[in-house]
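Peer 1: how would this look folded up:
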Amino acid sequence: MTPLPRRAALGAGLFGALAAPGLLRAQATPEWSPTAQVRLINGFAPGGSPDILARAMAPHAQAALGQPFVVENRPGAGGSIGARYAAQQPADGHTLFLAAVSAVIGPFMTPNAGYRVEDFRPVSLLTITPVVLVVRQDFPARTVQEFHRAVAGSQGRFTYASAGSGTPHQLAAELYSMQTGTAMTHVPFRGSAPALTELRAGRVDMTFVDLASAIGQIRQGGLRALAVTTSRRVPALPDIPTVAETVLPGFEAYTWVMWWVPRATPDPVVRRLNQVALGALNQRDVLARVNEFGFLLEGTDIPRAEAHVRAETEKWSALIRARGLRFDEG
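Peer 2: Below is the predicted model of the structure:
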C-alpha cells in the first residue's frame, strides 16, 4: 500500500478532524461514554513500538473518557493470542485491540489463529513505523545499491535475521526477495533485541527491522543503516535513502499501529473512540515520543482506517501465499 503524502495524510486525518466544528461539538456532548475501565489489549510484550505509543496515549485517553484506560499485554503466537482474546470480548467499547501489521498477517500464517480480520472494526490508523535495512559492520556493501548487487550474486549465501516468523521483518525481506528474484536465508529470533544482538556480533548479515527498535543503535553507530522501506524518506534519518528511490521502484514495507474494536461495536462508540484517539495523538508529550522513535504520524478517520486494513490484508496475504510462509510453531 502507498500511503497518502504526509501533508495530505495529516490534513485528511488528525489535524483536519480536530479542526472540524462538528467534532468539537461531539466532544462537548459525547454520543457515548464508558461506564467502567477501558482496556487496550496488546498482543506483544511491553517495550515494542506499539506498546511505546499505547502507553504514551493512555493517560490522555483516560482523561477524555473519564474512566481508567489500561494497556494490557497478552503476548504470544505472533500476536494472535491477544487478537483472539480481544475479538471475543463484549462489543461495548470497554475493550480495544492494539493492532499492528501482524494482526492482518496472523490468520494467513496459521490455521489456528483463532480470529479473522473481519472480527474487528478499525477505529484509527495512529502511526506508521518505518522499517530499515541494516547490515553488520563488515558487510561488503556501503550503500543500498552495493547491497543490491551483492545479494543478487550471492546465490542465497547471505543470512537475514528477523524478530520471528511472520513478523514485518521477515515479510519485508521476503517481499524484497520476491520482487528482485534473489534468495536470502532466514534466521528467525524471538524478538528484535536478540536479532540485533546477533547482527552486531556479525553472526548474521542483515535484517529489516522496525526503526523504533534500532534507531538508538543506528544513531550511536552500532548498526549501519542502508535504506528505509517506506515510500519516502524518514525525518528521523533524513540522509538514509529509500529502497524505492534507489534500487526497487514501488517497494514499500512497514508496520503500523491502530486501534481496533470487536466487529459488533456500535457506530457511536467507534466514532467517540476515534475522537479520543485523535485527541491523544495531538498531545505534546505524545508527539515528542512519535518524533523520538521515528514514527510517522497518521491519525486517520474511520473510513481511511478501514481502507488501510483492506489494502494491507490484500497485499500481505498475497505475499504469504506466494512464498508459502507459515509461523514457526517451535
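Peer 1: buried residues in whichever helix in the chain runs longest?
Peer 2: Longest helix in the chain, counting residues (DSSP state H): helix 302-323. Along helix 302-323, these residues count as buried under the neighbour rule (16 or more other C-beta atoms under 10 Å): 302, 304, 305, 308, 309, 312, 313, 315, 316, 317, 319, 320. From N, CA and C alone the C-beta is placed, and that goes for glycine too.
Peer 1: that helix - contacts with which helices or strands?
Peer 2: Under the contact definition 3 or more C-beta pairs under 8 Å, 6 or more residues apart in numbering; DSSP states H and E, helix 302-323 sits against helix 102-109, strand 120-135, helix 168-180, strand 254-262, helix 267-281.
Peer 1: one more time with 6 Å
Peer 2: helix 102-109, strand 120-135 (3 or more C-beta pairs under 6 Å, 6 or more residues apart in numbering; DSSP states H and E).
Peer 1: name the nearest residue to residue 248, ignoring sequence neighbours.
Peer 2: Spatial nearest neighbour of residue 248, excluding adjacent residues (C-beta to C-beta, 6 or more residues apart in numbering): residue 179 at 6.0 Å.
Peer 1: also residue 200?
Peer 2: Per C-beta to C-beta, 6+ apart, closest to residue 200 is residue 222, 5.7 Å.
Peer 1: residue 54 against residue 99, yeah?
Peer 2: No - using C-beta atoms under 6 Å, residue 54 is not in contact with residue 99; the gap is 10.8 Å.
Peer 1: more neighbours, these two?
Peer 2: Just comparing residue 54 and residue 99: by other C-beta atoms under 10 Å the higher neighbour count belongs to residue 99, 29 against 25.
Peer 1: any idea which of the helices and strands packed on helix 302-323 is most buried?
Peer 2: Of all the helices and strands packed on helix 302-323, strand 120-135 has the most neighbours on average by mean count of other C-beta atoms under 10 Å, namely a mean of 26.
Peer 1: measure the residue nearest to residue 200 to residue 168 for me?
Peer 2: For residue 222, the distance to residue 168 equals 21 Å [C-beta to C-beta, to the nearest Å].
Peer 1: comparing these two, which residue is more hemmed in?
Peer 2: residue 168 (25 against 14).
Peer 1: quick one, what contacts that one?
Peer 2: 101, 255 (C-beta atoms under 6 Å, 6 or more residues apart in numbering).
Peer 1: equivalent analysis for residue 55, please.
Peer 2: Neighbours of residue 55 in contact, by C-beta under 6 Å, 6+ apart: residue 71.
Peer 1: tell me what angle the strand or helix carrying it forms with helix 102-109.
Peer 2: In the assignment (DSSP states H and E), residue 55 maps to helix 49-65. Per axes from the mean of the first three to the mean of the last three C-alpha atoms, to 10 degrees, the angle that helix 49-65 makes with helix 102-109 is 130 degrees.
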